[in-house]
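> Got a sequence here, can you model it:
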Amino acid sequence: MKKIIITLSLAVMPYAALLSQPKEDPIVMTIAGTPVPRSEFEYSYNKNNTDGVIDKKTVEEYVDLFVNYKLKVQAALDARLDTTQAFKTEFAQYRDQQIRPTYVTDDDMLAEAHKVYDQTKQNIGPDGLVMAGHILMLIPQKATEAQQQEAKRRIDSVYTALKAGADFEALAKQVSQDPGSAQRGGMLGWFSRHQMVKEFEDAAFALQPGEMSKPFMSPFGWHIILMKERKQLEPFDFHKENILKFLEQRGVRNSLIDRKLNAMVEASSGAQTKENLLKERADSMSAVDADMRYLIKEYHDGLLLYEISNRTVWDKAAKDEEALAQYFKKNKKKYKWEEPRFKGMAYHVKEQADVKAVANCVKKLKFEDWNSALKTTFNNDSVLRIRVEKGLFKKGDNPLIDREVFKVKDAKVDSVKGYPIDATYGKLLKKPQDYTDVRALVTADLQDEMERVWVSELRKKYAVVINKEILTTINKHE
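Residues are numbered from 1 along each chain as shown. Modelled structure (predicted):
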């Protein structure tokens, strides 16, 4: 049932094509005194019965789901759940996710992209971009005279080889001491002025494509540069899509929205807040855009529905141990296993005496109390005496239990280092003995039963009037 509720209340796919605001919008039903226009029912029905939906409903079948949904929302309103600060905050967040983006247009983002491009072009300057490779012989800080001479000897040797026709990239991979670029044949990629140390920059920008520098020194050591290409920055349109993508990834759109909202607040001289501006915009958009109106209403009602359902059914059933136990007792025949389960533990200890000690420790305790008792008794200090896995096991879940309990001959049990003795303790169950053995199933079934009772009570409490004549016109009118 929970899945149906969420589908009804929180789906957000737009349906503008299916829902233009009709000139006439007759009332298709009245629920707890609140009229439901045909357009609202159509919006919900069409959204939850698209071609991709497995369990598509007819209009008549969907009516019951829709009515139940509305009745639960009404119960939440009567409980004043919409007045809590937690609800107001969460609803505003969902609503604003739809409203905030409307403050920024594509033209706004394009203007920001132009700013980024223009600043980049200015930073690059008239010398443009270069692509070069280099070979480096490092000179360590506080290098000795001998180390400096050795670096000079090696770079001169490399330069001589290059002048004699040696392949630059192959030699860079072999001898360059810049690990980042050496594996790429010395290639550094495109760079502009002010991105490298001055000595390297001056040498690089003095070269034309195909030219190679003589050995020169920088604070890092001796270099030889091979100039591959030079270019000016391409026009804006060449980089536009990448810049826009970069801006989106950096959250610039949200920054622009905040800037606009802050400017509007400031212009109002304190008469407005960002929250009020967003609410007013939501109201004004909802007045002319049925899609937006019903989407925001879905957020509002969906949050109420979740909270009232959680309080009345989901969380209540999951935490009511007595009710779960009683439900299981009345419906034991519903819960069966195709094969037995072992309810117990597989454990590993250091000493043989601890095998029996572990069993004695837990044999008179409830299953859920085993972990606490074992930890207190055997692993309560820096010396861990036991490694244990506790649970409800079927064949194939645990190799040790497979071997010892289910008698699987080829079960491969890996030894646990430092805990050479393996053992199991528990009992083999042919069927569940307690609701905790099938807790998830019992919880789901109890929730379903509580849901049915709740809906029945809501149907008695609130009046529901269906206009069957209007219902026949769903998706069949101009």
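
> Could you list the buried residues of the helix ranked longest in the chain?
In the chain, taking DSSP state H as the definition, the longest helix is helix 439-461. Neighbour-count burial for helix 439-461, counted by 16 or more other C-beta atoms under 10 Å, picks out 439, 442, 443, 444, 445, 446, 447, 450, 451, 454, 455, 458. Quick note: C-beta positions are derived from backbone N, CA and C, even for glycine.

> how about the strands in this structure?
27-31, 34-37, 129-138, 187-191, 216-218, 221-231, 341-349, 386-393, 421-429, 464-466 (DSSP state E).

> of all the ones you listed, which lies closest to residue 375?
strand 386-393 (9.0 Å; C-beta to C-beta).

> residues in contact with the closest one?
The contact list for strand 386-393 (C-beta atoms under 8 Å, 6 or more residues apart in numbering) reads 341-349, 354, 358, 370-371, 374, 378-379, 397-398, 401, 405, 416, 419, 437.

> Swap in 7 Å and give it another go.
Outside of strand 386-393, the residues within contact range by C-beta atoms under 7 Å, 6 or more residues apart in numbering are 341-343, 345-349, 354, 358, 370-371, 374, 378-379, 398, 401, 416, 419, 437.

> Could you point out which residue ranges in the stretch 1-150 of the chain have low pLDDT?
The stretch 1-150 of the chain contains residues with pLDDT under 70 at 1-23.

> now do 80
1-23, 52-53 (pLDDT under 80).

> Also the stretch 251-400 of the chain?
Residues of the stretch 251-400 of the chain that meet the criterion pLDDT under 80 lie in 380-383.

> let's see it at 90
Low-confidence regions of the stretch 251-400 of the chain, defined by pLDDT under 90, span residues 270, 379-384.

> Helices of that one, residue ranges please.
When assigned using DSSP state H, counting those that start in this stretch, the helices of the stretch 251-400 of the chain occupy the ranges 252-267, 274-288, 290-309, 315-319, 321-330, 353-362, 370-378, 399-404.

> before we move on, what about the stretch 101-250 of the chain?
Going by DSSP H, counting those that start in this stretch, the stretch 101-250 of the chain shows helices at 106-124, 145-163, 168-175, 179-182, 198-205, 236-249.

> out of the ones you listed, nearest to residue 333?
Comparing those under C-beta to C-beta, the one sitting nearest is helix 236-249, at 57.2 Å.

> Pull out the buried positions in the closest one.
Neighbour count says helix 236-249 has 239, 243, 244, 247 buried, by 16+ other C-beta under 10 Å.

> could I get the residues you listed as a markdown table with pLDDT and distance to residue 471?
Output for the buried residues of helix 236-249, formatted as a markdown table (pLDDT from 0 to 100; distance: C-beta to C-beta, whole Å):
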| residue | pLDDT | distance to residue 471 |
| --- | --- | --- |
| 239 | 97 | 56 |
| 243 | 97 | 52 |
| 244 | 97 | 47 |
| 247 | 97 | 48 |
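
> which one among these gets closest to residue 63?
Distances from residue 63 to those, taken by C-beta to C-beta, are shortest for residue 244, at 45.8 Å.

> picking up where we left off before, possible to save the buried residues of helix 236-249 as JSON lines with distance to residue 161?
Below are the buried residues of helix 236-249 laid out as JSON lines (distance: C-beta to C-beta, whole Å):
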{"residue": "239", "distance to residue 161": "39"}
{"residue": "243", "distance to residue 161": "43"}
{"residue": "244", "distance to residue 161": "47"}
{"residue": "247", "distance to residue 161": "47"}
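
> Of those, just say which sits nearest to residue 213.
Distances from residue 213 to the buried residues of helix 236-249, taken by C-beta to C-beta, are shortest for residue 239, at 29.8 Å.

> Dump the buried residues of helix 439-461 to a markdown table, plus pLDDT and distance to residue 120.
Formatted as a markdown table, the buried residues of helix 439-461 follow (pLDDT from 0 to 100; distance: C-beta to C-beta, whole Å):
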| residue | pLDDT | distance to residue 120 |
| --- | --- | --- |
| 439 | 96 | 60 |
| 442 | 97 | 63 |
| 443 | 97 | 58 |
| 444 | 97 | 58 |
| 445 | 97 | 63 |
| 446 | 97 | 63 |
| 447 | 97 | 58 |
| 450 | 97 | 62 |
| 451 | 97 | 59 |
| 454 | 98 | 61 |
| 455 | 97 | 62 |
| 458 | 98 | 62 |
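
> Looking at the residues you listed, spot the one nearest residue 58.
Of all these, residue 58 sits closest to residue 455, with 20.0 Å by C-beta to C-beta.

> Hmm, the closest one is touching residue 68, no?
Yes: taking C-beta atoms under 7 Å as the definition, residue 455 is a contact partner of residue 68 at 5.3 Å.

> so which pair among the buried residues of helix 439-461 is furthest apart in space?
439 and 458 (27.8 Å).

> who's in contact with residue 155?
137, 215, 222, 224.

> where does it land on pLDDT?
According to the prediction, residue 155 has pLDDT 97.

> mind checking how far it is from residue 144?
Separation of residue 155 from residue 144 (C-beta to C-beta, to the nearest Å): 17 Å.

> try residue 250
For residue 250 relative to residue 144 (C-beta to C-beta), the value is 47 Å.

> Which segments of the protein make up each domain?
Domain segmentation of the chain under automatic domain parsing yields 1-78+305-336+435-478, 129-231, 337-430.

> right, so of those domains, which gets closest to residue 292?
domain 1-78+305-336+435-478 (8.9 Å).

> Return the set of buried residues in stretch 360-377.
So stretch 360-377, judged by 16+ other C-beta under 10 Å, has buried residues 361, 362, 367, 370, 374, 377.

> now stretch 470-478, how far from the chain's geometric center?
40 Å (C-alpha atoms, centre = their mean, to the nearest Å).
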